[in-house]
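Peer 1: here's a sequence, model it:
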Amino acid sequence: MKEITKHNIVYTCIIYTPIGAATVSAVDDALTGLWFMGQKYYPSNVDVWVNDPDYPIFKRLRAWLSEYFSGINNPSDLRLEPQGTVFQKAVWNILLKIPYGQVATYGEIAKTIAIACNLPSMSAQAIGGAVGHNPISILIPCHRVVGSNRSLTGYAGGLDKKEYLLRLENINLQQANLDELSLQVCE
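Peer 2: Predicted coordinates:
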């Protein structure tokens, strides 16, 4: 049996947003999850989590979310520690580079990963799988990824939430220039 220390306790609470309640989780004052209630890929190991709505990062997250949902574009200074495979983390790092108010396509992200990994190509569907398993909604902006025809495809929290977030960021998919965004894996 693994010894429980303050460094491996998963803290959690429910945070209410204009688009629904979300479960958030953190370890060592780093955010590890933000899932809308009932969304696809909701975590299953929550029975060992410790409910602590006053955990410091949750207070800062509530303040950031309040500004975000008020239409304020403030970069987050919250430490993010999503758990996933090396491939998933590479995709999530690219999502973090999509600026507020802009979108990228699954295909663009696939090309970026292929170039970074020195591969001839990468499947947009594989990218979609990694994007869909993003454990930190909103802050890792998977809602900014759209289909090649500007369609609202795939959002584990529901397409209604994705549409709301894009509208909040004043993204008009019919006017978005999908060729304009240059995603870089390395800086």
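Peer 1: show me the domain layout of this structure.
Peer 2: 11-69, 86-168 (automatic domain parsing).
Peer 1: what stretches of the protein score poorly on pLDDT?
Peer 2: 1-8, 44-47, 174-187 (pLDDT under 70).
Peer 1: what comes up buried for stretch 32-47?
Peer 2: 32, 33, 34, 35, 36, 39 (16 or more other CB atoms under 10 Å). The way it works is simple: take the backbone N, C-alpha and C, and place the C-beta from them, glycine included.
Peer 1: show residues contacting it.
Peer 2: 10, 12, 14-15, 19-26, 61, 81-83, 132-133, 135-139, 156-158, 161 (CB atoms under 8 Å, 6 or more residues apart in numbering).
Peer 1: any of those residues buried? List them.
Peer 2: 10, 12, 19, 22-26, 61, 82, 132-133, 135-139, 156-157, 161.
Peer 1: which of these fall in strands?
Peer 2: Counting by DSSP state E, the members of those that fall within strands are 12, 22, 23, 24, 25, 26.
Peer 1: tell me the two of these that are most distant?
Peer 2: The most widely separated members of those, counting by CB to CB, are 22 and 26 (12.9 Å).
Peer 1: what sits against the residue nearest to residue 81 when sequence neighbours are not counted?
Peer 2: Among residues not flanking residue 81 along the chain, residue 30 sits closest, at 4.0 Å (CB to CB, 6 or more residues apart in numbering). With contacts defined as CB under 8 Å, 6+ apart, the neighbours of residue 30 are 57, 79, 80, 81.
Peer 1: so which of the residues you listed is the most crowded?
Peer 2: The most crowded member of those is residue 57, carrying 20 neighbours; neighbours defined as other CB atoms under 10 Å.
Peer 1: just say helix, strand or coil for that one.
Peer 2: helix (DSSP: H, G, I helix; E, B strand; the rest coil).
Peer 1: got it, and the one 10 residues further on?
Peer 2: Look at residue 67: counting by three-state DSSP, its state is helix.
Peer 1: which of the three states applies to the closest residue to it other than its chain neighbours?
Peer 2: Leaving out its chain neighbours, the residue that sits closest to residue 67 by CB to CB, 6+ apart is residue 74, at 5.3 Å. Secondary structure state of residue 74, per three-state DSSP, is coil.
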